[in-house]
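>>> Test case, fold it:
(one chain, ligands or ions: 1)
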Amino acid sequence: MKKHVVLYKSLSPALLAQLEAATEVTYIEDPKSPEGQARLLQALPSAHGLLGASLRVGDELLALAPQLEVVASVSVGVDKYDLAAFKRRGVTLTHTPNVLTDTTADTGFALLMATARRVVELAAKVRAGQWKESVGPSEFGTDVHHKTLGIVGMGRIGQALAQRGHFGFDMPVLYHTHSAKPEVDARFGARHCSLDELLRESDFVCLTVPLTAATEGLIGARELGLMKPGAILVNIARGPVLDEAALIDALRGGRLRGAGLDVFSQEPVAPDSPLLTMANVVPTPHIGSATHETREAMAACAVENLLAGLRGEVPPDRVVL
Ligand code: NAP
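I've put the predicted structure just below:
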């Protein structure tokens with residue numbers, strides 16, 4: 001008998017066919033809607049696998065799915081999952097590293113460039129018919145090339161950012177992680193340093209750490225206060241890594257030149273967030289990996305992981321619990 005998979009992410013016809021050839025699929029378009037929740041409650045008791053990205057999975061949900069073997073997340077970040085609960089219950093968790101690295105780094109650089117050169121703010125002026133004469137100093141941006149790029153977290157995405165900064169923009173690169181990475185230093189002429197040193201010396205600070213108990217609130221008022229006056233902060237990690245209220249204060253106080261934010265403490269971001277009225281903030285709706293090619297590659301990766309796990313193999317991208 002085929003194993004039962006609850007799918008809560010739409011797949012391309014080819015990937016859906018691949019999944020359906022090997023498993024019995026229940027597709028739930030929106031597991032958070034009342035109707036979706038009811039269908040989820042009905043499907044979980046017989047589910048061997050889950051595939052999607054939007055659900056938080058911990059003890060409560062796992063208890064409803066006693067036959068569950070594998071959860072294949074369509075994301076690299078695993079902050080939505082209670083890893084201890086997975087371990088206790090012997091459920092395998094997989095994610096989608098590597099396939100989204102370059103695209104997410106591109107998003108980080110797009111935010112960095114857009115904020116530094118005020119692309120969104122000035123494009124809005126052009127659209128509004130307010131381009132009457134050549135721009136003056138009040139509309140000038142700041143250079144990116146040759147400025148210091150500080151990367152908090154130097155994993156896959158951090159290194160892809162370093163590559164762009166070092167080779168594309170001649171930027172000296174500083175980074176902060178648990179320990180130094182000699183191969184990164186050699187490839188990008190980068191330097192490992194403490195978080196405080198990175199904040200003091202960088203013109204651009206880009207957050208690329210995973211959200212964990214250790215990184216929640218990593219950048220708060222004290223840390224923002226250490227940043228160079230006129231520096232720019234880019235967050236492509238997760239909203240709670242940054243204290244948003246402290247960021248709003250730092251932007252209001254004029255200490256920071258601006259911020260590029262792909263992630264927020266609450267998503268979708270509250271429409272009345274002061275961040276949305278600040279011209280020097282470039283907000284994007286969590287689009288780090290959101291290209292056609294990358295989302296398809298992530299879904300393919302998740303399907304491969306799920307099917308491997310359900311066959312009793314060790315999935316290629318198993319999260320070590
Ligand atoms: P990764 O390869 O695991 O890299 C994570 C890096 O963070 C590592 O260098 C790690 O340091 C460092 N780190 C972890 N905890 C730290 C701490 N407490 N202090 C300092 N450094 C710490 O992960 P990745 O593939 O680059 O992805 C990183 C994160 O980006 C994901 O977890 C996800 O939340 C986020 N992301 C967002 C989007 C988006 O749409 N905006 C898309 C993809 C990913 P060590 O090397 O020393 O262990």
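
>>> So V5 is in contact with Y27, correct?
No: contact criterion C-beta atoms under 8 Å: V5 and Y27 do not qualify, at 9.3 Å. C-beta here means a position set from N, CA and C on the backbone, and glycine is covered the same way.

>>> if you count what's nearby, which of the two comes out ahead?
Neighbours were counted for V5 and for Y27 using other C-beta atoms under 10 Å; V5 has more, 25 against 18.

>>> Given the strand or helix carrying the more buried one, what are its sheet partners and their directions?
V5 belongs to strand 3-7 when elements are defined using DSSP states H and E. Strand 3-7 pairs in its sheet with strand 23-27 (parallel), strand 49-52 (parallel), by DSSP bridges.

>>> so what does the helix or strand following the longest one touch, helix or strand wise?
Toward the C-terminal end, the helix or strand that comes next after strand 23-27 (DSSP H and E) is helix 34-43. If contacts are counted by 3 or more C-beta pairs under 8 Å, 6 or more residues apart in numbering; DSSP states H and E, helix 34-43 sits against strand 3-7.

>>> Just the angle for the strand it packs on relative to helix 34-43, thanks.
Per axes from the mean of the first three to the mean of the last three C-alpha atoms, to 10 degrees, the angle that strand 3-7 makes with helix 34-43 is 160 degrees.

>>> Which one of the residues in the stretch 51-200 of the chain is closest to the ligand?
Closest to the ligand within the stretch 51-200 of the chain is G155: 1.7 Å, counting by C-beta to the nearest ligand atom.

>>> show me what contacts that residue?
Contacts for G155 (C-beta atoms under 8 Å, 6 or more residues apart in numbering) come out as 177, 208.

>>> Repeat the analysis, applying 10 Å as the threshold.
Shown in contact with G155 (C-beta atoms under 10 Å, 6 or more residues apart in numbering): 76, 97, 101, 177, 181, 208-210.

>>> The closest residue to K3 other than its chain neighbours and the ligand, how far apart?
Leaving aside its sequence neighbours, K3 sits nearest to H48 (C-beta to C-beta, 6 or more residues apart in numbering; 4.0 Å). Per C-beta to the nearest ligand atom, to the nearest Å, H48 is found 26 Å from the ligand.

>>> How about the contacts made by H48?
Counting by C-beta under 10 Å, 6+ apart, H48 touches 2-6, 23-24, 65, 67-70, 306, 309-310.

>>> The stretch 151-300 of the chain against the ligand: which residues are in contact?
Contact residues (C-beta under 6 Å from any ligand atom) of the stretch 151-300 of the chain with the ligand: 153-158, 176-179, 208-212, 214-215, 236-238, 262-263, 286, 288-289.

>>> now the helices for the stretch 51-200 of the chain?
Assigned by DSSP state H, counting those that start in this stretch, the stretch 51-200 of the chain shows helices spanning 59-63, 83-89, 101-116, 119-127, 156-163, 169, 182-188, 195-201.

>>> now those helices in TSV, with distance to A270 and mean pLDDT?
Listed next are the helices of the stretch 51-200 of the chain as TSV, based on distance: least, C-beta to C-beta, whole Å; pLDDT from 0 to 100:
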stretch	distance to A270	mean pLDDT
helix 59-63	26	97
helix 83-89	29	98
helix 101-116	20	98
helix 119-127	20	98
helix 156-163	26	98
helix 169	34	98
helix 182-188	37	98
helix 195-201	27	98
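
>>> Quick check: phi and psi at L233.
phi -110, psi 130 (degrees, to the nearest 10).

>>> in the chain, what spans have low per-residue confidence?
Within the chain, no stretch has pLDDT under 70.

>>> residue ranges for the strands of it, please.
Using DSSP state E, the strands of the chain run over 3-7, 23-27, 49-52, 70-73, 92-94, 149-152, 173-176, 191-192, 204-207, 232-235, 258-261, 281-283.

>>> near the ligand, anything from the fifth one?
What that stands for is strand 92-94. No: judged by C-beta under 6 Å from any ligand atom, strand 92-94 makes no contact with the ligand; its nearest approach is 13.3 Å.
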